[in-house]
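**Student:** Here is a sequence together with a model predicted from it:
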Amino acid sequence: MNDAVANPVGEPLPSFTGNRGLDVLVIFAGLVLFAFVMEVRRRRREARAAARAKATGGSTVEAAAAGGLSPELVAVISAAVSALLSPEEHITAIQETPEGAAPGIALQQWSLEGRRQVFSSHQFRGGKR
């Protein structure tokens, strides 16, 4: 066994300052500072998103409604984008796919191939088939 990798039980952990209490205080202060920075970033991001929403004045909903989509559907899509991505992201356009079009045909092919591979790996029980 390599002695450089092994850590014997009971050996004290290294100290930053030589004082265990001060080490804990330094680590705690770093965590508080990190949390503060993250909160400031979150508030700035929300303020920018609110300013952008105020500047656009609901133009996305009006444009989508003019294109034939209901405002409720646009609100649901906007909420999903905001929840999945971030408040900074916003919708610039919504387009309906034409009737009969398959927008996810490539993804569908991958899922079918994966399903085929899974089923082909199964062993049949019982007699020959």
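**Tutor:** Looks like it came in fine. Residues are numbered from 1 along each chain as shown.

**Student:** and the protein, what are its domains?
**Tutor:** Taking automatic domain parsing as the reference, the chain has its domains at 11-57, 58-94.

**Student:** do you know how far Ile77 is from Gln108?
**Tutor:** Separation of Ile77 from Gln108 (CB to CB, to the nearest Å): 22 Å. In short, each C-beta sits where N, CA and C put it, glycine included.

**Student:** Need the winner for burial among the domains of the chain.
**Tutor:** When these are scored by mean count of other CB atoms under 10 Å, the highest mean neighbour count falls to domain 58-94 (a mean of 13).

**Student:** For it, the averaged confidence score.
**Tutor:** Per-residue pLDDT over domain 58-94 has a mean of 71.

**Student:** how about the helices in the chain?
**Tutor:** Per DSSP state H, the chain carries helices over the ranges 20-56, 59-66, 71-84, 105-121.

**Student:** of all these, which lies closest to Thr92?
**Tutor:** Set against Thr92 and scored by CB to CB, the helices of the chain come closest in helix 59-66, at 7.5 Å.

**Student:** could I get the domains of the chain as JSON lines with distance to Leu112?
**Tutor:** As requested, these are exported to JSON lines (distance: least, CB to CB, whole Å):
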{"stretch": "domain 11-57", "distance to Leu112": "39"}
{"stretch": "domain 58-94", "distance to Leu112": "26"}
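
**Student:** circling back: out of the helices of the chain, nearest to Pro12?
**Tutor:** It is, among the helices of the chain and with distance given as CB to CB, helix 20-56, at 8.9 Å.

**Student:** how big is the angle separating that closest one from helix 71-84?
**Tutor:** Comparing the axes of helix 20-56 and helix 71-84 via axes from the mean of the first three to the mean of the last three CA atoms, to 10 degrees yields an angle of 160 degrees.
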